[in-house]
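*Asks:* Attaching a predicted model along with its sequence, questions to come.
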Amino acid sequence: MKPTVTGMAIGAVLAFTALIFDFWGFLLMALFIAAGALFGRAAEGKVDFRTVRDALTGRRSSS
């Protein structure tokens with residue numbers, strides 16, 4: 001299994017435990033899955049956190 005899929009699965013498992021907390025659990029589920037996918041992509045070497053940070057802070061274009 002690719003690290004992205006593994007990261008998303010881990011995020012989904014963590015999010016499932018957050019579902020106990022109603023609507024906010026749903027929002028946390030989306031956050032955990034996105035974080036799991038991001039960390040999985042980083043493990044594959046497809047995401048560099050420095051460029052993501054720079055793009056979010058407006059220092060550099062994301063393209």
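*Replies:* Received, thanks.
*Asks:* in what helix or strand does residue 52 lie?
*Replies:* Per DSSP states H and E: residue 52 is located in helix 49-57.
*Asks:* what does residue 38 give?
*Replies:* For residue 38, the host element (DSSP H and E) is helix 22-44.
*Asks:* For that helix, buried residues please.
*Replies:* For helix 22-44, a neighbour-count test (16 or more other CB atoms under 10 Å) marks 28, 29, 32, 33, 35, 36, 37, 38, 39, 40, 41, 42 as buried. Just so you know, the C-beta spots here come from the backbone N, C-alpha and C atoms, and that holds for glycine as well.
*Asks:* Show the backbone phi and psi for residue 46.
*Replies:* Backbone torsions for residue 46, taken as degrees, to the nearest 10, come to phi -100, psi -10.
*Asks:* so who does it touch?
*Replies:* With contact set as CB atoms under 8 Å, 6 or more residues apart in numbering, residue 46 has these partners: residue 4.
*Asks:* Let me know the distance separating it from residue 13.
*Replies:* Going from residue 46 to residue 13 by CB to CB, to the nearest Å gives 22 Å.
*Asks:* My guess is residue 7 contacts residue 47. True?
*Replies:* No - with contact defined as CB atoms under 8 Å, residue 7 does not reach residue 47; the gap is 10.8 Å.
*Asks:* Name the residue in the two with the higher neighbour count.
*Replies:* Per other CB atoms under 10 Å, whichever of residue 7 and residue 47 has more neighbours is residue 7, with 22 against 15.
*Asks:* Check the offset of the helix holding residue 38 from the chain's centre.
*Replies:* Distance of helix 22-44 from its chain centroid, counting by CA atoms, centre = their mean, to the nearest Å, is 4 Å.
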